[in-house]
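Visitor: only geometry, no sequence info:
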């Protein structure tokens, strides 16, 4: 069972139930991957809701690695998720919400993908 107080979630990815968590190391990895200077810029990047398929892959892969899995981004890109791209976006959204929290329903920056359409390729 995931510990939401530690930012953990569980999701069915690639036919297996997996735990994901964005540790500080995973967040540093995402800062580098997205070319941002700090966590505020990373959060702002996610809050736009405009993420590519590769962005979802990076977020999910970082979350899996943060939880201890030895998986590359390319491995995650080959894994299937129920609901296709919408399923991937849901997993990334839940992971980001668990990591950064939700302060209130009106604060969109604390709820990445809150009103987002499916990501572009």
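Guide: Great, that's in hand. Everything numeric here is computed off the predicted structure, so don't read it as measured data.

Visitor: mind listing what residue 82 touches?
Guide: Residue 82 is in contact with residue 12, counting by C-beta atoms under 8 Å, 6 or more residues apart in numbering. Yep, even glycine has a C-beta here, placed from its N, CA and C like the rest.

Visitor: Would you mind naming the helix or strand containing residue 96?
Guide: According to DSSP states H and E, residue 96 maps onto helix 84-100.

Visitor: just how off-centre is that helix within its chain?
Guide: 5 Å (C-alpha atoms, centre = their mean, to the nearest Å).

Visitor: From the contact counts, what lies against that helix?
Guide: When contacts are defined as 3 or more C-beta pairs under 8 Å, 6 or more residues apart in numbering; DSSP states H and E, helix 84-100 sits against strand 9-13, helix 39-47, helix 53-66.

Visitor: could I get the ones you listed as CSV with mean neighbour count?
Guide: Listed next are those as CSV, based on neighbours: other C-beta atoms under 10 Å:
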stretch, mean neighbour count
strand 9-13, 19
helix 39-47, 17
helix 53-66, 23
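
Visitor: For residue 94, which of those is the nearest?
Guide: Residue 94 lies closest to strand 9-13 among the helices and strands packed on helix 84-100, at 5.0 Å (C-beta to C-beta).
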